[in-house]
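[1] coordinates only, no sequence provided:
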RNA sequence: GGCUCGUUGGUGAAAUGGUUAACACAUUGCCCUCUCAAGGCAACAUUCAUGGGUUCAAAUCCCAUACGAGUCACCA
């Protein structure tokens, strides 16, 4: 019996050849330097910040080079597939507006190189496996789980290298007859790659982020096709798909680095050109004193839900991720504040080699800047859209007071030095609740400062509201009147003079306005009081005074 | 244990043999100021994991040690 006959026994229904597929998926006709990249998540968990970083890098790479960005669903591990994971991936890509040009979703295939779901490509993989068996570079292996465990245990104990190689590859030299006999007897088997590598020989591999790295050759006979569902393993699917889809650059996590010798031998065996590799560093997390890989379970910010629920602007999240991904992004961003992130000339060489800690403070800072640059109307719309989805209570209130909310958001905005007090939409209401009458139906804590006496406060408020406040006043007129009244009541209107002799006065003009601020908002820190008064109007100010009288 | 990579301030990092180790975030202080925010100005690594070596000169090159990370599945 020949290898060819064995291959036919295992894959009786495979009639196509590799050449057929080469013709079906020809080289893409793109301009010089165009990068063909892919986002290839496996739906075994919900998309996290590491996946997202990879997607962003791919998107930028394709965009800046005039290439192609496609999505491939790597669902070869059927047992661990998580419901909703795929939907969430598409949701995130849509939400951040980084959709790939080619993909397959809900029975819709976009692109000429599909199917883009690995479980639908099984015939293609089998064609390639079959060829490998025919030329004697792959073989069925009948080792059971128990036998495998035994081998590993022995290797560990005797401090040998772990894996199936050399004498441990017991089925490697089985004759086709013997193999066929056991298959016909119904024995379970996987297909293993027959490695010709020599662990004592080295080869040099060039990674685009890490530079030249010397590896020992691969000599492990790894499984390329699983028993049971007959799906390929990652390594084999990578070879077949990235070749047929004509990928030029593979962006993947650093955990794949150590598989490079295997992939190198696989590509060499078929005579395929290897894509270039960009191995990205892991995103880490500081947990007490130890630094570890960011964890989906322990760190809420690891999952992409987090940023959406908190209401971070999408572009802020993207910038924060690129800041980690590429060390010169920040500088580029300061020099090009108005450019789109995808115009950034991403450089794999500038990627951090060791893992970066994801810094939520930095995200907040970036996000505050983004939000500060939005117009009040834009900010309101984003805020409202967020609230509609994530906080119905807030939504009901702000949509009821749309005009007032926009006015409030507009305080000290749209100037050269806008306020930067919101890092995300979820934080806005906490800093503006007092503008809404409905929100006053809770326990009220007045944060008065120097002046605390109820009588004095009422006196100030009544005098001011009845005889001084005029909605038509400009801010200067408004402030002059406040100064006038505060002097009349025994306060000092000049901060410098006050600081020289604080004991000569009841307080300063700052203490004086604090009284008004706290009665109107309960807080001692708010944006410009003048604007707040303008928005509230006299009637509501009186109303707040009544509440004060009752509750303080 | 084998293989591979890494180790610059609280964080992200620049500097790729040559003056006082960029910059950003965070923190702290001061100024401005009706509070806050913003803004302005300062402070913050006597030192680049440790020890050797090469050199007139090293965070940068070499070696060793320590520590950390990844990987060694019919998981991706």
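    Received the coordinates, thanks. Small disclaimer: the values here were computed from a predicted structure and weren't measured. Residues are numbered from 1 along each chain as shown, chains lettered A, B, ... in the order given.

[2] C-alpha from now on. contacts and neighbour counts both.
    Noted.

[3] which residues sit in contact with the closest residue in space to residue A:142 that isn't next to it in sequence?
    Using C-alpha to C-alpha, 6 or more residues apart in numbering and skipping the chain neighbours, the partner closest in space to residue A:142 is residue A:189 (4.6 Å). The contact partners of residue A:189, by C-alpha atoms under 8 Å, 6 or more residues apart in numbering, come to A:140, A:141, A:142, A:143, A:183, A:226, A:227.

[4] any idea which of those has the most stuff around it?
    Neighbour tally across those (other C-alpha atoms under 10 Å): the maximum, 27 neighbours, falls on residue A:140.

[5] make sure that residue is indeed in a strand.
    Yes - the assignment for residue A:140 is a strand, going by DSSP: H, G, I helix; E, B strand; the rest coil.

[6] so how far is whatever helix or strand residue A:363 lives in from its chain's centroid?
    For residue A:363, the enclosing helix or strand under DSSP states H and E is helix A:360-373. The chain centre lies 16 Å from the centre of helix A:360-373; the measure is C-alpha atoms, centre = their mean, to the nearest Å.

[7] what helices or strands is it leaning on?
    When contacts are defined as 3 or more C-alpha pairs under 8 Å, 6 or more residues apart in numbering; DSSP states H and E, helix A:360-373 sits against helix A:314-325.

[8] outside of the helix it packs on, which residues touch it?
    A:53, A:56-57, A:95-96, A:307, A:329-330, A:341, A:351-352, A:356, A:358, A:362-363, A:366-367, A:370.

[9] hmm, back to that, which outside residues touch the helix or strand following the helix holding residue A:363?
    Where DSSP H and E defines the elements, the next helix or strand beyond helix A:360-373 is helix A:376-390. Residues outside helix A:376-390 that contact it (C-alpha under 8 Å, 6+ apart): A:309, A:311, A:371, A:393-395, A:398-399, A:405-407, A:409-410, A:413-414, A:425-426.

[10] now these: which count as buried?
    A:309, A:311, A:371, A:394-395, A:398-399, A:405-407, A:409-410, A:413, A:425-426 (16 or more other C-alpha atoms under 10 Å).

[11] which of those has the weakest pLDDT?
    Ranked by pLDDT, the buried ones among the contacts of helix A:376-390 bottom out at residue A:413 (88).

[12] from residue A:522, how far out is the residue in the stretch 251-400 of chain A that RNA strand B sits nearest to?
    Residue nearest to RNA strand B within the stretch 251-400 of chain A: residue A:255 (3.1 Å; C-alpha to the nearest atom of the strand). Separation of residue A:255 from residue A:522 (C-alpha to C-alpha, to the nearest Å): 53 Å.

[13] so those two - more neighbours on which side?
    Taking other C-alpha under 10 Å, residue A:255 and residue A:522 do not tie; residue A:522 has more neighbours (21 against 11).

[14] spatially nearest residue to the more buried one, not counting backbone neighbours?
    Residue A:522 sits nearest to residue A:446 (C-alpha to C-alpha, 6+ apart), 4.6 Å away.

[15] what sits against residue A:188?
    Contacts of residue A:188 (C-alpha under 8 Å, 6+ apart): A:142, A:227.

[16] return the residues of the stretch 201-350 of chain A in contact with RNA strand B.
    Selection of the stretch 201-350 of chain A residues close to RNA strand B by C-alpha under 7 Å from any atom of the strand yields A:210, A:213-216, A:222-223, A:225-228, A:232-234, A:254-259, A:282, A:291-293, A:323-325, A:327-328, A:331, A:350.

[17] show me which of these are buried.
    Counted by 16+ other C-alpha under 10 Å, those give A:210, A:215, A:222-223, A:225-227, A:232, A:234, A:254, A:282, A:323-325, A:327-328 as buried.

[18] among those, which lie within strands?
    A:215, A:223, A:225 (DSSP state E).

[19] can you list the domain ranges for chain A.
    A:3-14+A:122-280, A:284-372, A:374-440, A:454-551 (automatic domain parsing).

[20] for residue A:44, which of these is the nearest?
    Closest approach to residue A:44 among the domains of chain A (C-alpha to C-alpha): domain A:284-372, 12.1 Å.

[21] wait, what's in contact with the closest residue in space to residue A:375 that isn't next to it in sequence?
    Closest residue to residue A:375 apart from its sequence neighbours, by C-alpha to C-alpha, 6+ apart: residue A:414 at 6.5 Å. Counting by C-alpha under 8 Å, 6+ apart, residue A:414 touches A:372, A:373, A:374, A:375, A:376.

[22] skip the chain neighbours and tell me the closest residue to the last one.
    Okay, so that is residue A:376. Nearest residue to residue A:376 in three dimensions, chain neighbours excluded: residue A:410, at 5.0 Å (C-alpha to C-alpha, 6+ apart).

[23] show me where chain A dips below the pLDDT cut-off.
    Where chain A drops to pLDDT under 70, the residues are A:282-301, A:353-357.

[24] top helix in it by residue count?
    When chain A is parsed with DSSP state H, its longest helix is helix A:529-551.

[25] helices and strands around that helix, which ones?
    Counting by 3+ C-alpha pairs under 8 Å, 6+ apart, helix A:529-551 packs on helix A:402-409, helix A:454-467, helix A:509-521.

[26] what's the angle between that helix and helix A:454-467?
    130 degrees (axes from the mean of the first three to the mean of the last three C-alpha atoms, to 10 degrees).

[27] please enumerate the strands of chain A.
    A:36-39, A:68-71, A:103-105, A:108-110, A:138-141, A:190-193, A:202-207, A:211-216, A:223-225, A:249-253, A:276-280, A:283-287, A:290-293, A:356-357.

[28] out of the ones you listed, nearest to residue A:2?
    Comparing the strands of chain A by C-alpha to C-alpha, strand A:138-141 comes nearest, at 12.3 Å.
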